[in-house]
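Student: Got a sequence here, can you model it:
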Amino acid sequence: MYDPMLDRSPGCALQYPDSYWADVSGARNGSKPTDDGALEHNVDIDVAIIGAGYTGLSCALHLAREHGVKAHVFEANQTAWGCSGRNAGFILKSSGRKPYASMQKQWGEEVMRGIYNEMCAGVETVNNLISEGIDCDQQEAGFLKVAHKPSMFSALQAQAQLQQKMFGYDVQVLSKQELHQDYMADENAHGAIRYQDGFGLNPLKLAWGYQELARQAGAKVHTSTPINFIGEKSTNSVLLAAPKGKIRAKKVVIATNGYTPRGFHPLVTNRTLPVLSQIIVTEPLTVEQLAACNFLTSNVVMDTRALKYYYRKLPDNRILFGGRGAITGKNADDPYYAQRLLSVLKTSFPALKKLKYSYAWSGWICMALDDLPHIYQCDNNKVFYSMGYCGSGVSFSVQAGKRLAEKVVGKQVPNLPLYNKALPKFPFAPLRRVGQWGYFHYGKIKDSYF
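Tutor: Numbering: from 1, shown residues only. The predicted model follows:
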């Protein structure tokens, strides 16, 4: 599997992985939306966007609609071939991995609330775009954060009280009995808090919907077109190279997140850590199996572990279950990681001891050293990026694309660390995966004993 810490190219014209999303969306039978094909000649354009995932497509859409700029999006493989088409499809008001209480302590009340408002705006932007007619198999609203051991339930209760006080957030506290009776009888869940506004959807169809809206607004989306930087031409443009043409652009947006190749551009070198997330989707559950687990809900579910597990019941009664994967791309397809997830799923629902999985795949999420996404630019305002969603980018990446568009045209954006600070560099960057390996072992001990 492509490894962004080792490989200098994600490939060219590669097909979608053998995922549930690609299968049910019809990615291999001609159902994917029309794009503008591979670039076949030289072009001179205003804005080049590298990466046709949520961020790049949102940036192109908002540039066209709100600023009259018809950008060109360049994708090495297929639209949403990266994490935008491989994630679990959770729409949440999440800020990455940094708690709001930590933001308040570090930057004060005003900045903390500003970041919270941006995360809320991300979900609102997603909802507004879906309402324009994107068919993405949206499920019922509700997000359950479950305590993976009894001692974590009190921490969840405190979190609910804090968020109710800080934001007036509608958070419901559920005892273990209430959770098992009204939602699902997860034997590893010892109570939960429930948010009213999270939900699940088909992430690949969502990206395809964004592409259609962007192209309708006048943007171009070129697939099978990997890009390399050549350099800058005086002070007026940036030169890029594609396999069959060269691009001269006044502004360039890097929207590759966890799939950014090694050494791609100095602006982002050593500032992210790509981490594999593994997902399985089971065979469909029978009526009897659902009843034995009292699996009544289609709410999205995540636990309180440092090394989190997350799951949801899909529209065809399969269970999607995810967690950490391999450390390197070389080991990404080792069946050990899928089997491990299936084993954990069966400890949550013992009645499913004979259940098998039908799909298994992985994708690179993008971690930032300070646990926050950053939307930033070089000193001469010609190259921009948005990266570091920390596994929570399905909704915020769309807001990030909107803010990127504003930055590209020189419009002022909110004065927040998300937008006015660069991604911090990782110290001892060549050893990032050693640190990741150490954190995985620390998390395993923490989740079991503390």
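
Student: what about the nearest residue to Gly323 once chain neighbours are set aside, how many neighbours?
Tutor: Spatial nearest neighbour of Gly323, excluding adjacent residues (CB to CB, 6 or more residues apart in numbering): Tyr309 at 4.6 Å. Quick note: C-beta positions are derived from backbone N, CA and C, even for glycine. Around Tyr309 there are 21 other residues, counting by other CB atoms under 10 Å.

Student: Hmm, Tyr309 is touching Ile319, no?
Tutor: No. Using CB atoms under 8 Å as the test, Tyr309 is too far from Ile319 to be in contact (11.6 Å).

Student: Where does pLDDT dip in the protein?
Tutor: Low-confidence segments of the chain (pLDDT under 70): 233-235.

Student: what residue is smack in the middle of the chain?
Tutor: Gly393 (3.6 Å; CA atoms, centre = their mean).

Student: these two touch, right, that one and Ile375?
Tutor: No. Gly393 is not in contact with Ile375 according to CB under 8 Å; the separation is 11.8 Å.

Student: which residues do these two both contact?
Tutor: Here Gly393 and Ile375 have Ala400 as joint contacts, going by CB atoms under 8 Å, 6 or more residues apart in numbering.

Student: tell me the phi and psi of Lys308?
Tutor: phi -70, psi 150 (degrees, to the nearest 10).

Student: begin at 748 from here
Tutor: Sure, I'll start numbering at 748, so the last one becomes Lys1055.

Student: Enumerate every residue touching it.
Tutor: Met1049, Gly1070.

Student: now do the one 5 residues further on
Tutor: Contacts of Lys1060 were listed using CB under 8 Å, 6+ apart, and they are Met931, Leu1032, Phe1042, Thr1044, Ser1045, Ile1066, Leu1067.

Student: quick one: the nearest residue to it once chain neighbours are set aside and Glu934, what's the gap?
Tutor: The spatially closest residue to Lys1060, leaving aside those adjacent along the chain, is Ser1045, at 5.0 Å (CB to CB, 6+ apart). Between Ser1045 and Glu934 the computed distance is 20 Å (CB to CB, to the nearest Å).

Student: out of those two, which sits in the busier spot?
Tutor: Shown here are Ser1045 and Glu934; by other CB under 10 Å, Ser1045 has more neighbours (18 against 14).

Student: Hmm, Asp884 and that one touching each other?
Tutor: No. Under the criterion of CB under 8 Å, Ser1045 makes no contact with Asp884, lying 10.6 Å away.

Student: anything in contact with each of these two?
Tutor: Joint contacts of Ser1045 and Asp884 (CB under 8 Å, 6+ apart) are Pro1062.

Student: then the strand or helix carrying Met1049 to PDB, C-alphas only?
Tutor: Using DSSP states H and E, the element containing Met1049 is strand 1047-1050. Extracted C-alpha coordinates of strand 1047-1050, given in PDB (Å, rounded to 0.1, in the frame of the first residue of the first chain):
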ATOM      1  CA  VAL A1047     -22.600   6.500  15.300                       C
ATOM      2  CA  VAL A1048     -20.600   5.100  18.300                       C
ATOM      3  CA  MET A1049     -17.100   5.800  19.600                       C
ATOM      4  CA  ASP A1050     -15.500   4.700  22.900                       C
END
